[in-house]
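Peer 1: Next comes the sequence, and after it the predicted model I'd like to discuss.
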Amino acid sequence: MNQTRREMLEKCVALGAVTLATSASLSAIARAWDTAEAKRQPTPFCELGPFYKRDAPHVSVLRAPGDPGMPLSVAGIVYSVNGEILPNAKLEIWQTDNFGHYDNAGYRFRTTIQPDPKSNYGFESVLPGHYPARVCQHVHYLVTAPGHKPLTTQLYFASDPVFDGDPDKNFSRDPLITSRELVRPVMLKGDPQQMVAAVTFDIVLEKA
Ligand SMILES: [Fe+2]
């Protein structure tokens, strides 16, 4: 990317389309440009809720064989607002089962995840159910990383029937959804006998 941008800048300068009124090198300019573009908006806050339990086990497969519900596969990357990856982050994630029940006695559908060295995280689960106190299906996150502000948020699904197929218009039907950004597209993968709802949810943390 840097190389391409530097070459493009060199070409512009050579053609007279860009005039440099700075002593910075073309490489430094290209690098600064890339960095500016890499800045990301922090993931919006959404409340913690009453069902958080600390010290969930480190598991990436939350669904057990025979668990009812649509299999769910969530993946993403943890970034800082500067676009740096944060492989030292810790993600605590919890959700209901297919029937809208939290396991408050044990740790079903609860996990603690460390991203890989490239800051990718992921887990396999089922789509959470609806429960009476909440309007929409959701997965809770508490994400921490050294030097960054802790983030409490929730992941929602564009496929949730509550949205009537139009989350742009209807996301505020759940008063706890603070941002449309938290409602993620759902891609159905696999053959009809073994469909999986695949969702991407990147996390962006603010500096402390
Ligand atoms: Fe909840």
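Peer 2: Cool, the structure landed.

Peer 1: Please make it C-alpha for all contacts and neighbour counts, starting now.
Peer 2: Will do.

Peer 1: Let me know the secondary structure of the closest residue in space to residue 26 that isn't next to it in sequence.
Peer 2: Excluding its sequence neighbours, the residue lying closest to residue 26 (C-alpha to C-alpha, 6 or more residues apart in numbering) is residue 6, at 6.2 Å. For residue 6, the secondary structure call by DSSP: H, G, I helix; E, B strand; the rest coil comes out as helix.

Peer 1: do you know how far residue 6 is from residue 195?
Peer 2: 44 Å (C-alpha to C-alpha, to the nearest Å).

Peer 1: When those two are compared, which one has more neighbours?
Peer 2: residue 6 (18 against 14; other C-alpha atoms under 10 Å).

Peer 1: how far away is the more buried one from residue 25?
Peer 2: Distance, residue 6 to residue 25, by C-alpha to C-alpha: 10 Å.

Peer 1: Would you enumerate the residues in contact with residue 179?
Peer 2: residue 44 (C-alpha atoms under 8 Å, 6 or more residues apart in numbering).

Peer 1: before we move on, the earlier item: my read: the residue nearest to residue 26 touches residue 30, true?
Peer 2: Yes. Contact criterion C-alpha atoms under 8 Å: residue 6 and residue 30 qualify, at 5.5 Å.

Peer 1: starting at the chain centroid, how far to stretch 114-124?
Peer 2: 11 Å (C-alpha atoms, centre = their mean, to the nearest Å).

Peer 1: Distance across it, terminal residue to terminal residue?
Peer 2: 15 Å.

Peer 1: Likewise for stretch 109-124?
Peer 2: 10 Å.

Peer 1: Could I get the buried residue list for that stretch?
Peer 2: For stretch 109-124, burial by neighbour count (16 or more other C-alpha atoms under 10 Å) applies to 109-115, 119-124.

Peer 1: now the strands: where do they sit in this structure?
Peer 2: For the chain, applying DSSP state E gives strands covering 71-80, 90-94, 110-113, 120-126, 139-144, 151-157, 183-184, 187-189, 196-200, 203-205.

Peer 1: now for the fourth one, which elements pack on it?
Peer 2: It stands for strand 120-126. Counting contacts by 3 or more C-alpha pairs under 8 Å, 6 or more residues apart in numbering; DSSP states H and E, strand 120-126 is packed against strand 71-80.

Peer 1: show me where pLDDT drops low in this structure?
Peer 2: 1-3, 34-37 (pLDDT under 70).

Peer 1: you'd agree residue 63 is up against residue 128?
Peer 2: No. The criterion here is C-alpha under 8 Å, and residue 63 misses it with residue 128 at 11.0 Å.

Peer 1: okay, these two: which has more neighbours?
Peer 2: Taking neighbours as other C-alpha under 10 Å, residue 63 and residue 128 compare with residue 128 leading, 26 against 18.
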